[in-house]
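Q: coords please:
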Amino acid sequence: MIEPVALVNKQLVASGFGRAAESYDGAAHFQQQVAAEVYQRIPESLHPGVVVDLGSGTGMHTARLLDEYSAALVIGCDLSWGMLKHAKSRCSMANWCGGDAEALPFRNGSVDLVFSSLAIQWCDAFERVLSEVYRVMRPGGCFVFSTLCEGTLGELHHAWQGVDDFEHVNPYPAFEEHHQAISQSGFEVESLDLIPHQVFYNRLGELTRELEALGANTLTVERRQGLMTPGRYRALQQGYEMFRNDQKLLPATYQVLFSVLRKKG
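A: Numbers count the residues shown, from 1 in each chain. Modelled structure (predicted):
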């Protein structure tokens, strides 16, 4: 079994995203773009009776799934009660439940479609997520998702290396590790793609404020504590400047894995 890259502090994950519930959608332009690509990958031939939005967050994608599959039971499932409270206030027609992707609160063989966009990277072990989704899925059902791979926010990681020796950017498994876990999961692979996405900023502060608004700061167990002093921030800025492109913009690269997996049936 592949060991997780780092232990995730799930209490920090839940509280961090809960605090960001009000600001999340206003900062989540990249996340919305990725989710739109995940939607496009849902097989048209699938007519689900039960749909789970795994890592439902503010409920934006759950509401879209509810519109698309109005005859289905649509459930938003998230680790953060703060996010769930916010989501329920904006979409009362969906069903909501708290739950960990590595220990799903659903019966065996009860779900037809699990949709998840940029959520399962906050889990300890991708293998356990696959095992749980496989368990709750009916034969013929699909797991359609995106997650992040090694190299994500590599520019920010490199810039921090010039400041101190602590880990400031969440580590993610390599694509090959995801591929191996999927090959051992029992799922049939309908698609599996690694697609880099870049987001551009005028100043480093735009990126760091966006990550804070998303609740997506470093949330691993080994998270460094302490204040950002002016001197440290200047050093971080100087380190990031080497990535400024010909259009005088600073890139932030995300390595996004997209996949459609089907349970044999």
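
Q: for the rest of this, base every contact and every neighbour count on C-alpha atoms.
A: Will do.

Q: helices along the stretch 101-250 of the chain, start to end?
A: Using DSSP state H, counting those that start in this stretch, the helices of the stretch 101-250 of the chain run over 126-136, 154-161, 175-183, 204-214, 230-241.

Q: make CSV out of those and add distance to residue 169, mean pLDDT and mean neighbour count.
A: Written out in CSV, the entries for those read as follows (distance: least, CA to CA, whole Å; pLDDT from 0 to 100; neighbours: other CA atoms under 10 Å):
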stretch, distance to residue 169, mean pLDDT, mean neighbour count
helix 126-136, 19, 98, 21
helix 154-161, 6, 95, 18
helix 175-183, 18, 98, 16
helix 204-214, 11, 88, 17
helix 230-241, 13, 94, 16
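
Q: any idea how far the spatially most central residue of the chain is from residue 153?
A: Note on the chain: the residue nearest the mean C-alpha position is residue 118, at 2.0 Å, using CA atoms, centre = their mean. When distance is defined by CA to CA, to the nearest Å, residue 118 is 14 Å away from residue 153.

Q: how close does residue 158 sit to residue 242?
A: As judged by CA to CA, residue 158 and residue 242 stand 10 Å apart.

Q: who's the closest residue to residue 243 other than its chain neighbours bridged to?
A: Leaving aside its sequence neighbours, residue 243 sits nearest to residue 250 (CA to CA, 6 or more residues apart in numbering; 6.1 Å). For residue 250, the beta-bridge partners under DSSP bridges are residue 201.

Q: picking that back up, I figured the residue nearest to the centre of the chain was touching residue 172, is that so?
A: No. Using CA atoms under 8 Å, residue 118 is not in contact with residue 172; the gap is 12.0 Å.

Q: before we move on, back to that, contacting residues around the residue nearest to the centre of the chain?
A: Residue 118 sits next to 31, 34, 35, 145, 146, 147, 148 when contact means CA atoms under 8 Å, 6 or more residues apart in numbering.

Q: please name the nearest non-neighbouring residue to the last one.
A: The shortest distance from residue 148 to any residue that is not its chain neighbour, by CA to CA, 6+ apart, is 4.8 Å, and that residue is residue 256.

Q: what angle sits between the helix or strand where that neighbour lies and helix 175-183?
A: Assigned by DSSP states H and E, residue 256 falls within strand 250-262. Here strand 250-262 points in a direction 20 degrees away from that of helix 175-183 (axes from the mean of the first three to the mean of the last three CA atoms, to 10 degrees).
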